[in-house]
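Visitor: kindly return the folded structure for what I paste below:
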Amino acid sequence: MVGTIAWLMSEIVFHAHVPGWTAVLGWSLLFSNVFALPLMNLGGLILEEAPARDLQGVWGALVLSFALVPFQGWAAAKGLFGKDEGPWFRTPKTGRVTDEVHHLRRLNLLRRWLLGPRARRQDIRPPAHPAAPIVRRRNGVGRRSRWLGWGVAVTMLIAFGGLAWLSSRAPVVDAAGNPLYLHGSGTAPACVATTFDQTIGARPTVPTSCSIQSAAGGVTTTWGFTNLPLQTVTAGTWSFVMAWTGGSGSTNDTVSVAVGVSVTASCAGFVALIPNAGTTWTTTYGSATANPTSPLTVTTSAVQAPLVITAGGSLCLSVTLTHNTGGRPSMLYDGVAGVADTRVVPPSIVVPESVLGFVGLALLIPIFTGRKRWLAFLKARR
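Guide: Residues are numbered from 1 along each chain as shown. Model prediction:
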């Protein structure tokens with residue numbers, strides 16, 4: 001219940017997922033949580049081969065089962081943390097058998113498929129001294145029930161097949177967008193700009209963090225998030241949070257940010273795609289502007305189009321610092337949080353599903369469980 005509520009809140013309210021936790025996985029868990037009890041009852045219905053007679057009881061069992069879930073959870077918690085065991089009352093049983101026990105044949109077939117020759121057919125015999133004679137169904141009723149049971153089974157098979165097919169066609173899944181921190185190499189403060197990723201910088205203080213000083217006419221620096229898997233950044237607004245220091249007098253500088261992609265592991269000559277045409281991603285800062293404190297945040301002036309990153313490609317970021325008046329401030333990066341953690345915040349990142357194909361490996365279970373069958377096959381090949 002907690003997992004179901006948490007997933008619904010993250011999907012519907014917050015529109016964010018845990019990185020690596022795919023939408024198909026989340027909705028599949030929700031599906032299994034909600035439909036576990038109905039499917040269990042339907043399974044018993046089919047094995048019982050009396051769906052028309054038992055359908056009314058199944059609905060009652062569903063309502064009762066869901067109503068008991070909180071109490072069962074509370075009892076499990078008490079059993080886990082409680083000091084003493086509680087009482088246990090045996091459910092009364094009459095011993096009256098009113099139907100033939102012949103539905104285990106399907107379970108036997110499943111067992112033979114999973115375990116191979118090791119699984120022997122179990123003889124299903126009525127008790128030696130039944131408390132009451134077994135009541136046999138009439139042939140006509142049995143046939144109708146059997147066909148209805150198989151109809152329900154085929155319907156469930158089609159439903160699960162359709163679910164698997166729709167899941168395989170779900171090309172993308174949203175993951176929580178993470179801030180991407182800028183990094184540099186070499187001795188601070190004159191570091192060489194290198195990469196940006198989800199890891200925050202390790203340079204501890206302002207004097208040892210990397211910095212870039214603005215210049216008249218503008219100085220442009222590029223960072224790359226390289227060798228990425230196939231993914232897409234969804235449509236939305238981009239933000240750039242810049243830590244800076246210095247400047248004196250009527251300081252007025254401009255920062256302009258651009259993001260693009262490269263099909264290689266290098267950002268040399270990348271094409272800037274963000275901000276889109278007709279939009280901006282720039283602001284002024286300094287003691288003579290509305291942004292005198294560090295850090296400052298600059299956001300794209302409008303929602304940007306999706307950005308596709310090809311497999312093995314790179315996400316590239318360029319920052320241009322232009323000095324206008326007053327003292328020349330510097331942008332700080334690759335430092336600790338709150339001091340010099342300059343970063344770019346993209347919209348949610350979309351990653352393609354890539355593990356659904358492994359579901360088909362379930363068909364290989366008999367190869368590993370049917371040891372005798374596998375050894376016989378190898379012997380025959382010799």
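Visitor: hey, let's count contacts and neighbours off CA atoms from now on
Guide: Will do.
Visitor: Gly162: neighbour count?
Guide: Here the number of neighbours of Gly162 (other C-alpha atoms under 10 Å) works out to 12.
Visitor: who are the contact partners of it?
Guide: If a contact means C-alpha atoms under 8 Å, 6 or more residues apart in numbering, then Gly162 has no contacts.
Visitor: ok but Val257 is inside a helix, no?
Guide: No: under DSSP: H, G, I helix; E, B strand; the rest coil, Val257 falls outside any helix and is assigned strand.
Visitor: in three-state terms, label Phe66 for me.
Guide: Secondary structure for Phe66, judged by three-state DSSP, is helix.
Visitor: show me where the stretch 51-200 of the chain dips below the pLDDT cut-off.
Guide: 51-56, 99-107, 109-149, 152-153, 156, 160, 163-164, 166-177 (pLDDT under 70).
Visitor: can you pull out the helices in it?
Guide: Counting by DSSP state H, counting those that start in this stretch, the stretch 51-200 of the chain has helices at residues 51-81, 104-115, 139-168.
Visitor: got a list of what Ser330 touches?
Guide: Counting by C-alpha under 8 Å, 6+ apart, the residues that Ser330 touches are Ser211, Ile212, Gln213, Ser214, Trp244, Thr245, Gly246, Gly247.
Visitor: please name whichever of these scores lowest on pLDDT.
Guide: The lowest pLDDT within the contacts of Ser330 belongs to Gly247, which sits at 78.
Visitor: can you list the domains in the protein?
Guide: 2-168, 178-347 (automatic domain parsing).
Visitor: let's have the ones you listed in JSON lines, adding distance to Lys379.
Guide: Shown next, in JSON lines, are the domains of the chain (distance: least, C-alpha to C-alpha, whole Å):
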{"stretch": "domain 2-168", "distance to Lys379": "16"}
{"stretch": "domain 178-347", "distance to Lys379": "44"}
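Visitor: point out the most buried one among those domains.
Guide: Burial of the domains of the chain is given as mean neighbour count (mean count of other C-alpha atoms under 10 Å); domain 178-347 ranks first at a mean of 19.
Visitor: returning to that earlier point: of the contacts of Ser330, which is the nearest to Asp253?
Guide: Closest approach to Asp253 among the contacts of Ser330 (C-alpha to C-alpha): Ser214, at 7.6 Å.
Visitor: residue contacts, the closest residue in space to the closest one that isn't next to it in sequence?
Guide: Closest residue to Ser214 apart from its sequence neighbours, by C-alpha to C-alpha, 6 or more residues apart in numbering: Leu321 at 4.8 Å. Going by C-alpha under 8 Å, 6+ apart, Leu321 touches Gln213, Ser214, Ala215, Gly218, Val219, Thr220, Asp253, Thr254, Val255, Ser256.
Visitor: I'd say the fourth one and Val319 touch.
Guide: Same thing as Gly218. No: look at Gly218 against Val319 with C-alpha atoms under 8 Å: they stay out of range, at 9.6 Å.
Visitor: re the thing from before, check which helix or strand covers the residue nearest to Ser214.
Guide: strand 313-325 (DSSP states H and E).
Visitor: please save the CA atoms from that strand in PDB.
Guide: What follows is strand 313-325, C-alpha atoms only, in PDB (Å, rounded to 0.1, in the frame of the first residue of the first chain):
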ATOM      1  CA  GLY A 313      27.600  11.300 -28.100                       C
ATOM      2  CA  SER A 314      28.100  14.200 -25.800                       C
ATOM      3  CA  LEU A 315      26.100  16.900 -24.100                       C
ATOM      4  CA  CYS A 316      28.100  20.200 -24.400                       C
ATOM      5  CA  LEU A 317      27.900  23.400 -22.400                       C
ATOM      6  CA  SER A 318      29.500  26.800 -23.200                       C
ATOM      7  CA  VAL A 319      29.500  29.800 -21.000                       C
ATOM      8  CA  THR A 320      30.400  33.300 -22.200                       C
ATOM      9  CA  LEU A 321      31.500  35.900 -19.600                       C
ATOM     10  CA  THR A 322      31.500  39.500 -20.900                       C
ATOM     11  CA  HIS A 323      32.800  42.400 -18.900                       C
ATOM     12  CA  ASN A 324      31.000  45.700 -19.300                       C
ATOM     13  CA  THR A 325      31.900  48.200 -16.500                       C
END
